[in-house]
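K.L.:
need coordinates for the below:
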Amino acid sequence: MEESNAGLFSSRPGGILKSTLSGKSSPKGSPSFRRLGSGRTPRREGRSGGISTPRFRNNRIVLWLLLITLWTYGGFYIQSRWAHGDNKEGIFGGNGNDEITELKPKDVKTEVQPKDRRDLIESEDYLETKIGVSKNQSTLKTGNMILPKSGNANTSRTSASLKKRRKKSGRDSRRKSRVKQKEVVEVQDTVVEVREDEIPMQNSTYGLLVGPFGSIEDRILEWTPEKRSATCDRKGQFARLVWSRKFVLIFHELSMTGAPLAMMELATELLSCGATVSVVVLSKKGGLMPELARRKIKVLEDKLDLSFKIAMKADLIIAGSAVCASWIEKYREHTVLGSSQIAWWIMENRREYFDRAKLALNQVKRLIFLSELQSRQWLTWCEEENIKLKSAPELIPLSVNDELAFVAGISCSLNTPAFSTEKMLEKRQLLRSSVRKEMGLTDDDMLVMSLSSINPGKGQFLLLESARMMVEQDLPVNSSALKGSAKRDTRKLLAESEGNQKQKLKILIGSVGSKSNKVAYVKSLLQFLSQHTNLSNSVLWTPATTRVASLYAAADVYVMNAQGLGETFGRVTIEAMAFGLPVLGTNAGGTKEIVQHNVTGLLHPLGRLGGQVLAKDIQYLLVNPSARKQMGTEGRKKVEKMYLKKHMYKKFGEVLYNCMRIK
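P.N.:
Residues are numbered from 1 along each chain as shown. You can find the predicted model right below:
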């Protein structure tokens, strides 16, 4: 009996014996049947008033978690108030009101330095603000040095507190101070260089500064920065090639000139197609930094060690100027890859640029040029210097971007059912009328435009001399003005000239404020205009800007008067042709590859002899609006056939495929 009853009891260490059959009887398989030691305490045990060990342990854990949470919160609260200088209640020691009584709120804000931005996508206005803050800081420090002499007891404690805070902030920013000082110096240099005091806003001698017309474009075209951002053709070969790949682009500067603009649009296209892009800028002088920020293009803070590390992880490095030779040479010294992963897109065509780049020409993966003539010229120089290239150079001409093609009424990625090409042609005409009204032009004025940096290589002085010949000598339209071309019917053109009312000549010269402008050259232009008042009344100036669609829409004729070896390619030439403008260009460089004489425009020789021919060509177009229209139409057709974005990136994709390490 004892043996049989023993199985009805269980024992718990340190506890009492309990019968599983006490109270109401329950079958062994019922839910209420529990073995001792299970998670649920029997009712009799709960009523006994005792506390089980597992519940006690759980309560202790909850209490400890609450204590830790409160302790952590209190610590963060105190630390936060200490970091922000909030000591009103004196909880950190001291009086608690010393700092408030001695310093005004604006003084405290002045003492706090702005945080460094790692992406370095800063505008010049932001950096100029930092310069002002630095000046205020120095003034505040001087004031603090004088304060102890006032005899106030609280002043010494305030000064000591400020010294501690300055030491702390100094430790935090000491590593970055040298970099920031360099940036400030660069901005100061930029302000001095791009400032054009020689060209006043309005003057009866020098003429009128007009534009930019970005606000008019936005209003008429119903644009926003998002709508102006072109999209990538994700189904195209270029997009499939660059998707998820890493690129490093080298800008030699940030001026609003051909090479930086072309590289900026390449970076935009790569980003739009799903690539990762990092930009190294060798000189931040220029006005493109805000535009890079708008397009969300990452600019690296460092152009040496950090850029080298990122470049070594990239699938391809694309350098956008012959000036990038210095970076390429340094990169070769810091990597075992040398410069074998670099595609060098050279956009200059002068011997001085070749001399700067010649030591690295045979080290890169591939050389890329803009025009056939430029390629032949550089190969000739290589032969003279006994330089053997790794492979034959590639040829990638520039293109008209989608933003300009959209306004010009050419089909592109920005078109939608609501903004068809027909609709954009109507808006372009409205834009033309509005901008010309702002310029003070009428339908009787023919606007001749030369839109580039102002320096001797662009030939603005010769253009003004040609205009003077027309304005002061009133050149007749004759067979010599037509240059004896067999394609022209002289009698027919003369008859058209006599039947048309003569228009007035207006000349627009840009770009004021460009980094590439030569101040001495600008002064010579102004001095020339001051000696010819009749001509000065016909000359307009426009500042450097990326919003040029309104200028092309307002113009009637474009002049590409590049001297020397001529323009390397002349992107502005194809942009003008996209807007249906006839081009008067020099018979040199890439211009003669773009402009077909007597078809899309007229070509003239270099130098002063070319200036005389240019004067006659301007006169011819002035009295022959039908010829202007016909040449402009042919030029537009050529752009649609050869110089749109799809043409450029098809060729670019082939070059990148041959250059990249396919993984």
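K.L.:
low-confidence ranges in this structure?
P.N.:
Counting by pLDDT under 70, the chain has low-confidence residues at 1-58, 75-207, 473-502, 661-663.
K.L.:
now do 50
P.N.:
Residue ranges of the chain with pLDDT under 50: 1-51, 82-159, 162, 168, 175-198, 476-500, 663.
K.L.:
and the strand ranked longest in it, C-alpha only, in CSV?
P.N.:
Scanning the chain for the longest strand, with DSSP state E as the assignment, gives strand 504-512. Presented in CSV, the C-alpha positions along strand 504-512 are these (Å, rounded to 0.1, in the frame of the first residue of the first chain):
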residue,chain,number,x,y,z
LYS,A,504,19.1,96.8,-88.5
LEU,A,505,22.1,94.9,-87.2
LYS,A,506,22.4,94.0,-83.5
ILE,A,507,25.3,92.0,-82.0
LEU,A,508,25.1,90.0,-78.8
ILE,A,509,28.5,89.0,-77.2
GLY,A,510,28.9,86.5,-74.3
SER,A,511,29.8,85.3,-71.9
VAL,A,512,30.5,88.1,-69.4
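K.L.:
got the buried residues for it?
P.N.:
Under the neighbour-count criterion of 16 or more other CB atoms under 10 Å, strand 504-512 has 505-512 buried. Just so you know, the C-beta spots here come from the backbone N, C-alpha and C atoms, and that holds for glycine as well.
K.L.:
may I have the strands that pair with that strand, each with its orientation?
P.N.:
Each strand paired with strand 504-512, and its direction, by DSSP bridges: strand 445-451 (parallel), strand 539-543 (parallel).
K.L.:
out of the buried residues of strand 504-512, which is nearest to E301?
P.N.:
When those are compared for distance to E301 (CB to CB), S511 wins out at 28.4 Å.
K.L.:
so the closest one makes contact with N455?
P.N.:
No. The criterion here is CB atoms under 8 Å, and S511 misses it with N455 at 11.0 Å.
K.L.:
common neighbours of these two, please.
P.N.:
N517 (CB atoms under 8 Å, 6 or more residues apart in numbering).
K.L.:
next helix or strand past the longest strand of the chain?
P.N.:
helix 519-531 (DSSP states H and E).
K.L.:
before we move on, the earlier item: and of the buried residues of strand 504-512, the nearest to A553?
P.N.:
Distance ranking of these against A553, using CB to CB, places L508 first at 12.3 Å.
K.L.:
identify the bridge partners of that closest one.
P.N.:
Beta-bridge partners, per DSSP bridges, of L508: M449, L540.
K.L.:
residue numbering should commence at 44 henceforth.
P.N.:
In the new count, where the first residue is 44, that last one comes out as L551.
K.L.:
gap between it and Q280?
P.N.:
Relative to Q280, L551 is positioned 40 Å away (CB to CB, to the nearest Å).
K.L.:
give me the phi and psi for L649.
P.N.:
Dihedral pair for L649: phi -80, psi 160, per degrees, to the nearest 10.
K.L.:
distance of it relative to A631?
P.N.:
When distance is defined by CB to CB, L649 is 6 Å away from A631.
K.L.:
quick one: common contacting residues for these two?
P.N.:
606-607, 609.
K.L.:
burial of S369, as a residue count?
P.N.:
Using other CB atoms under 10 Å, S369 has 14 other residues around it.
K.L.:
test my guess that it contacts V323.
P.N.:
No. S369 is not in contact with V323 according to CB under 8 Å; the separation is 11.7 Å.
K.L.:
any idea where the strands of the stretch 394-543 of the chain begin and end?
P.N.:
Listed in chain order, the strands of the stretch 394-543 of the chain (DSSP state E, counting those that start in this stretch) span 409-412, 437-438, 488-494.
K.L.:
could you dump these to JSON lines with distance to W421?
P.N.:
Putting these into JSON lines (distance: least, CB to CB, whole Å) gives the following:
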{"stretch": "strand 409-412", "distance to W421": "7"}
{"stretch": "strand 437-438", "distance to W421": "11"}
{"stretch": "strand 488-494", "distance to W421": "26"}
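K.L.:
need those strands in CSV (columns: mean neighbour count and distance to L447).
P.N.:
Formatted as CSV, the strands of the stretch 394-543 of the chain follow (neighbours: other CB atoms under 10 Å; distance: least, CB to CB, whole Å):
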stretch, mean neighbour count, distance to L447
strand 409-412, 22, 23
strand 437-438, 16, 22
strand 488-494, 22, 12
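K.L.:
nearest to N560, of those?
P.N.:
For N560, the closest of those is strand 488-494, at 13.0 Å, according to CB to CB.
K.L.:
returning to what we had before: nearest to I385, out of the strands of the stretch 394-543 of the chain?
P.N.:
Nearest to I385, of all those, is strand 409-412, at 8.2 Å by CB to CB.
K.L.:
direction included, what does that closest one pair against?
P.N.:
Per DSSP bridges, strand 409-412 is paired in its sheet with strand 385-388 (parallel), strand 437-438 (parallel).
K.L.:
mind checking which of those is nearest Q673?
P.N.:
Across those, closest to Q673 is strand 437-438 (CB to CB), at 29.8 Å.
K.L.:
what residues does that closest one touch?
P.N.:
409-415, 418, 694, 698.
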